[in-house]
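J.: task: produce atomic coordinates for the following.
(3 chains)
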Amino acid sequence: MPELPEVENIKNDLLPKVVGHRFTKVSLVWTGIVRQPSPEEFCRSLVGQTIEDVRRRGKYLLFPLSSNEVLVLHLKMSGFLSLQPNFAQPETYTRAVFHLDNGRELRFCDRRKLGAMWLVKDEAAVVGKLGPEPLADSFTPEVLGKLLSQHNIPVKALLCDQNIIAGIGNMYADEALFAARIYPLRKAKDLSGEEAKNLHKAIRQVLTAAIRQGGASVDTYKRPEGELGSAQFYFKVAHRGGELCHNCGAFIERTIVRGRGTYFCPNCQKVRNEES
DNA sequence: CTTGGGACCTGGCTGC
DNA sequence: TGCAGCCAGGTCCCAA
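T.: Residues are numbered from 1 along each chain as shown, chains lettered A, B, ... in the order given. From the prediction side, this is the model:
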């Protein structure tokens, strides 16, 4: 499940390998992966274009091209990219292949077919509504505090809402809330200034640590040249229902918040009602 | 504004 | 052993 740290690793890995290279051919194994424009126009327009940069916005990967268009990818639940020599055996579930002018191929593999690609003139058409980047300098504790105060929804739901904050998904929301010792079902607007500050620090720590660890290889995620991430080994609560809390020894519990499995320590993340 | 549900998908797991 | 049915959760969309 690629979230911000996984996509950041993919971006960093691809950057020195694909920038300056040109698409010589684009083939779609499953055309449903293209959202915009038509699959035919998508392939035709990309051929001959040079990749000028690789960027990340939230969980999206952006490839600005020489034509001033932008190729946008989203890996969703089960997608990953593979950068291999063109003679290498294609992975199962390869949905699209970008042939590069250096004899390599960038392959979009996706078991569950939830992933998506766009070719657009203005990236805002795809990523324009995303909330702030949690690792940006401008994302201060005060900014988070204001966002929290504006929503009467569970804090876990707020962290996962891409239009409020971009890039945090289910796993890292649970990890950040544990690190900040905040119960996932607390209403966002009920958090104190102190808790907002702690949560801000926790979000940054959790995300930067996971980036350093190469992301979390749960399910299908791997980096473009096949390396696995190790962040999952350091998870304190995510996917650890029934295990013992490293902090207090209580059993980690699993509940459902907004339809998503949510792991937390019932002892460290106590239910509290602030000033009410 | 908030919440819940369905849709998109398929491998892996559960239970009979 | 086989198979139906549920589950995973990122995002969008619709309804209450």
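
J.: which stretches of the stretch 101-250 of chain A form strands?
T.: Secondary structure of the stretch 101-250 of chain A by DSSP state E, counting those that start in this stretch: the strands cover A:104-110, A:116-120.

J.: got TSV for these, with distance to A:Pro90, mean pLDDT and mean neighbour count too?
T.: Using the backbone N, CA and C atoms, a C-beta is placed for each residue, glycine as well. Formatted as TSV, the strands of the stretch 101-250 of chain A follow (distance: least, CB to CB, whole Å; pLDDT from 0 to 100; neighbours: other CB atoms under 10 Å):
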stretch	distance to A:Pro90	mean pLDDT	mean neighbour count
strand A:104-110	7	96	22
strand A:116-120	17	96	21
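
J.: what about the helices in the stretch 1-150 of chain A?
T.: Assigned by DSSP state H, counting those that start in this stretch, the stretch 1-150 of chain A shows helices spanning A:4-18, A:39-46, A:124-127, A:141-149.

J.: quick check: which of those helices is buried the most?
T.: Mean neighbours per residue, mean count of other CB atoms under 10 Å, is largest over those for helix A:4-18, with a mean of 21.

J.: how far off strand A:104-110 does that one point, in degrees?
T.: 160 degrees (axes from the mean of the first three to the mean of the last three CA atoms, to 10 degrees).

J.: interface residues of the stretch 51-200 of chain A facing DNA strand B?
T.: A:77, A:111-114, A:150-154, A:157 (CB under 7 Å from any atom of the strand).

J.: how much space between A:Arg204 and DNA strand B?
T.: In this view, A:Arg204 and DNA strand B are 24 Å apart by CB to the nearest atom of the strand, to the nearest Å.

J.: residue contacts, that residue?
T.: Going by CB atoms under 8 Å, 6 or more residues apart in numbering, A:Arg204 touches A:134-135.

J.: need the helices of the stretch 1-150 of chain A in TSV (columns: distance to A:Ile164 and mean pLDDT).
T.: What follows is these, written out as TSV (distance: least, CB to CB, whole Å; pLDDT from 0 to 100):
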stretch	distance to A:Ile164	mean pLDDT
helix A:4-18	14	96
helix A:39-46	31	96
helix A:124-127	14	93
helix A:141-149	6	96
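
J.: out of those, which is closest to DNA strand C?
T.: helix A:124-127 (7.3 Å; CB to the nearest atom of the strand).

J.: on that earlier part again, how about the strands of the stretch 101-250 of chain A in CSV, adding distance to A:Ala180?
T.: Converted to CSV, these look like this (distance: least, CB to CB, whole Å):
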stretch, distance to A:Ala180
strand A:104-110, 33
strand A:116-120, 32
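
J.: closest to A:Lys222 out of the ones you listed?
T.: Nearest to A:Lys222, of all the strands of the stretch 101-250 of chain A, is strand A:104-110, at 9.5 Å by CB to CB.
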